[in-house]
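# just need the structure, nothing else, for what follows:
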Amino acid sequence: MARALVTGATGLVGSHIVDQLLRDGWDVRALVRTPNPELEARGVETARGDVLDADSFARAAAGRDVVFHTAAAITPSGGWEAYRGLNVDGTSNAIAAAERAGARLLQLSSVAVYGPTGRYRAVAGKTDELAPPGPLPEKAYYARSKRESEQLVMDAHAQGRIWATAVRPDVIYGNRDRQFVPRIARLLQRGVAPVIGGGRSTLAIVHAANVADGAIRAAMHDGAGGRAYNLANDFDVTVRDFFKLGAQGLGRSLRLISVPLPLANALFRAAMATLNVVTGGTSSVLSTASLSMVTRDNPFTSDRARRELGWAPAVRPEQSIPEAFRWWLRHH
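Now for the predicted structure:
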């Protein structure tokens, strides 16, 4: 029986990794800061500690075959230090814990490593893992922290300290989503939603269960060592279809209003000018990326994962999108 340690086991991807590992018969341990009776009731061993406490991390990793490191700061309050602490220092501790245990390390990275412009640089086709990263704005704290942490992992593998691999999802949705689905759900509950250019662009989204499947495949594939894999397009879903399927899950009728792209750009620039004054510019990077997400097709390809890992996503959007919104409706 394979033995795993999962950090971030109650988060979106971490919880789905736990789900699949249990279904596949793994011995699963979770690093938790506080007691978690729900995990324990499902047969998960819990180890008290923190990813920022190197000693407790190392104790939790002892005797494990694989460390699935998914804990991360996504939208913490504070500036660079809030991101660097958990995402960079936490990853450094994950490397040390895996090295001490002789375990493999799977790091949950992100397509944010490509940068807001780097992801759209492909001249022909889609952005793959060989695409050079683009520049990162100073206040792109999340992207900076993910790029630095992934580089730490790859350097440790290259140095022979550990066997490691990384997966790069884009925007993740699914049951237990606390970020993307809640924001869209609050919009759709109004019964009317704007879609830019008819909402025909494909979203850069992926279901958490499909990310979990790809992560486990990468961790168990010998040839994945030292490599990163985009898990960024399980299925093509347009903005229009995502909204309609989301409204279906909420049990709401929905009227979509198409907004011409030039008008949307003008309104966006005006809104950002106001936001920059109010926030000192801290919201500009995320908001710019958000506009690109709903006006440009998903720029990524996951062909390497499909070819090398046999990644064949089984969770389809027709069922999973309504279910994610039903889950939010029950729990929000």
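
# can you verify my assumption that Thr117 contacts Leu136?
No: contact between Thr117 and Leu136 fails when scored by CB atoms under 8 Å: they sit 9.5 Å apart. Where you see a C-beta, it was placed from the backbone N, CA and C, and this is true even at glycine.

# buried residues in stretch 245-255?
The neighbour-count check on stretch 245-255 (16 or more other CB atoms under 10 Å) flags 245-250, 254 as buried.

# stretch 222-240 now?
Here stretch 222-240 shows 224-225, 227-235, 237-240 as buried, counting by 16+ other CB under 10 Å.

# for Asp27, state which of those residues is nearest.
Ala224 (21.5 Å; CB to CB).

# show me the helices in the protein, by range?
Taking DSSP state H as the criterion, the chain carries its helices at 12-23, 37-41, 54-61, 80-83, 90-101, 141-158, 180-188, 208-220, 239-250, 261-279, 284-295, 303-304, 317-331.

# so can I have JSON lines of the ones you listed showing mean pLDDT?
Output for the helices of the chain, formatted as JSON lines (pLDDT from 0 to 100):
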{"stretch": "helix 12-23", "mean pLDDT": "98"}
{"stretch": "helix 37-41", "mean pLDDT": "95"}
{"stretch": "helix 54-61", "mean pLDDT": "98"}
{"stretch": "helix 80-83", "mean pLDDT": "93"}
{"stretch": "helix 90-101", "mean pLDDT": "98"}
{"stretch": "helix 141-158", "mean pLDDT": "97"}
{"stretch": "helix 180-188", "mean pLDDT": "95"}
{"stretch": "helix 208-220", "mean pLDDT": "98"}
{"stretch": "helix 239-250", "mean pLDDT": "97"}
{"stretch": "helix 261-279", "mean pLDDT": "55"}
{"stretch": "helix 284-295", "mean pLDDT": "63"}
{"stretch": "helix 303-304", "mean pLDDT": "98"}
{"stretch": "helix 317-331", "mean pLDDT": "97"}
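
# between those, which one is nearest to Leu108?
That would be helix 12-23 among those, by CB to CB, at 5.8 Å.

# and the angle for that closest one with helix 180-188?
Put simply, helix 12-23 runs at 120 degrees to helix 180-188, going by axes from the mean of the first three to the mean of the last three CA atoms, to 10 degrees.

# mind giving me the packing neighbours of helix 12-23?
Contacts defined by 3 or more CB pairs under 8 Å, 6 or more residues apart in numbering; DSSP states H and E place helix 12-23 against strand 3-7, strand 27-32, helix 208-220.

# would JSON lines of those with distance to Ala97 be doable?
Below are those laid out as JSON lines (distance: least, CB to CB, whole Å):
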{"stretch": "strand 3-7", "distance to Ala97": "8"}
{"stretch": "strand 27-32", "distance to Ala97": "9"}
{"stretch": "helix 208-220", "distance to Ala97": "15"}
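
# nearest to Val259, out of those?
helix 208-220 (29.6 Å).

# now do that closest one and strand 3-7, the angle between them.
Helix 208-220 and strand 3-7 are oriented at 130 degrees to each other (the same axes, to 10 degrees).

# and the angle for helix 208-220 with helix 317-331?
Angle of helix 208-220 versus helix 317-331, following the same axes, to 10 degrees, is 110 degrees.

# closest one to Leu5 among the helices of the chain?
helix 54-61 (5.1 Å).

# other residues contacting the closest one?
Contact with helix 54-61 is made by 5, 7, 29, 31, 47-51, 67, 93-94, 96-98, 100-101, 103, as judged by CB atoms under 8 Å, 6 or more residues apart in numbering.

# narrow those to just the buried residues.
Burial by neighbour count, 16+ other CB under 10 Å: within the contacts of helix 54-61 this picks out 5, 7, 29, 31, 47, 49-51, 67, 93-94, 96-98, 101, 103.

# looking at the residues you listed, which is nearest Ile184?
The closest of the buried ones among the contacts of helix 54-61, once distances to Ile184 are taken by CB to CB, is Thr7, at 27.3 Å.

# surely the closest one touches Val13?
No: using CB under 8 Å, Thr7 is not in contact with Val13, being 10.7 Å away.

# now do the shared contacts for the two.
Shared contacts of Thr7 and Val13, defined by CB under 8 Å, 6+ apart, are found at Thr70.

# follow-up on the earlier one: Thr117 and Leu136 - which one has more neighbours?
Neighbours per residue (other CB atoms under 10 Å) separate Thr117 from Leu136, with Leu136 holding more: 21 against 14.

# contacts only, for that one.
115-116, 143-144, 147.

# turn these into CSV, columns for neighbour count.
Formatted as CSV, the contacts of Leu136 follow (neighbours: other CB atoms under 10 Å):
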residue, neighbour count
Gly115, 21
Pro116, 18
Ala143, 25
Arg144, 21
Arg147, 21
